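Asker: Can you look at this prediction? I've put the sequence above it.
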Amino acid sequence: MQGLTAAFLLLLLRLNALLLPAVAAPAAERELNPGGRLAAGAARVALHYLNFQTASPGTLRALGQVRKATLKSIPDSGHKYYLQFTTEDYKSGENAGSCLATVLYPKTKSLPVVSIKCTHTKGQKQIKEEDNRLYQKIRHQTKPIIGNNIPDSYGNIEPALEPVWALAVAGSSYIMWEKSTENLGYSMAQVKSVKQWLRKDDFIEFDYTVLLHEIPTQEIISCHMRLTWLPGHPLKVKYFCASDNQGLEDGSAMESGSAAGILHEKGANF
């Protein structure tokens, strides 16, 4: 009997020796399918951040193809994605350069933390000129711009409203970045309505109602957004979405690679 007990204890010790390292060791990185939903979702979050932070309607990017994606589970922090992907010009669909990015979805309820660096197919001079042309096009309107359903049901955008649409994409990128989670993503479906507010200073200001497509639920989320912009300055966005039980959210562009600088103003209304 004593021999059986000793053998049983020895077996337990050996099992513990095998199990303990697996429990104590941190989770290893694992490769993801580059064409999978999680990889594409994280890449889109990185581009939402970039499009808002850049505050340049002339350099808006859409996701091309994810080349490589790795996921790492960081204890007490959350899931961190390491990504390599190509991008396309949001308007033309032409190659806009490739990006390296990391996206951390914190365990606490807060913004995805993004760090991103990209190559460019446009020079800074060209970008500046495009943004200035767009700005001057809006500033030289004799009456406030008012529009609905951009693009229309056929996917068309009136040339006069293209600058307004581009600004809506840049501003909505803030909303989509802030609302995104590891399992929920967003794309802008349509500008339902837009109205310009005339100002005495150099800034241009719009009120938008934008429709966001939620992935993978397929729901359409309506958001009211007020946007203020001047070339070379941070984009300022305040918004409220119909699905939110919170007040006005306020954002402005911040230093690249950081989620700091976001303000939340509760209980305010337009």
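Answerer: Noted; the coordinates are in hand. Numbering: from 1, shown residues only.
Asker: Could I get the phi/psi values of the residue nearest to the spatial centre of the chain?
Answerer: Note on the chain: the residue nearest the mean C-alpha position is His48, at 2.5 Å, using C-alpha atoms, centre = their mean. The phi and psi torsions at His48 (degrees, to the nearest 10) take the values phi -60, psi -50.
Asker: dump the residue contacts of it.
Answerer: Taking C-beta atoms under 8 Å, 6 or more residues apart in numbering, we find His48 in contact with Ser173, Tyr174, Met176, Trp177, Ser180, Tyr186. In short, each C-beta sits where N, CA and C put it, glycine included.
Asker: quick one: the closest residue to Asp207 other than its chain neighbours from Trp229, how far?
Answerer: Residue nearest to Asp207 in three dimensions, not counting chain neighbours: Lys195, with 4.8 Å by C-beta to C-beta, 6 or more residues apart in numbering. As for Lys195, its distance to Trp229 is 15 Å (criterion: C-beta to C-beta, to the nearest Å).
Asker: just the strands in the stretch 1-150 of the chain please.
Answerer: With DSSP state E, counting those that start in this stretch as the criterion, the stretch 1-150 of the chain has strands at 30-31, 61-74, 78-89, 95-106, 113-118, 146-150.
Asker: And these: which comes nearest Ala39?
Answerer: Ala39 lies closest to strand 61-74 among the strands of the stretch 1-150 of the chain, at 3.6 Å (C-beta to C-beta).
Asker: any idea how far that closest one is from the chain center?
Answerer: 13 Å (C-alpha atoms, centre = their mean, to the nearest Å).
Asker: Strand partners (parallel or antiparallel) of that strand?
Answerer: Sheet pairing here is set by DSSP bridges, and for strand 61-74 it gives strand 30-31 (antiparallel), strand 78-89 (antiparallel).
Asker: How about residues contacting that strand?
Answerer: 26-36, 38-40, 42-44, 47, 50-51, 79-90, 93, 95-98, 104, 118.
Asker: Please name the nearest non-neighbouring residue to Thr181.
Answerer: Using C-beta to C-beta, 6+ apart, the nearest residue to Thr181 is Tyr105, at 6.6 Å.
Asker: Could you do Leu212 as well?
Answerer: Nearest residue to Leu212, sequence neighbours excluded (C-beta to C-beta, 6+ apart): Ile221, at 4.4 Å.
Asker: Leu134 versus that neighbour, what's the distance?
Answerer: According to C-beta to C-beta, Ile221 stands 27 Å off from Leu134.
Asker: Repeat that for Cys118.
Answerer: According to C-beta to C-beta, Cys118 stands 21 Å off from Leu134.
Asker: repeat for Val237
Answerer: Taking C-beta to C-beta, one finds Val237 at 17 Å from Leu134.
Asker: Pick out whichever of the two has more residues nearby.
Answerer: Using other C-beta atoms under 10 Å as the criterion, Val237 and Leu134 rank with Val237 on top: 25 against 21.
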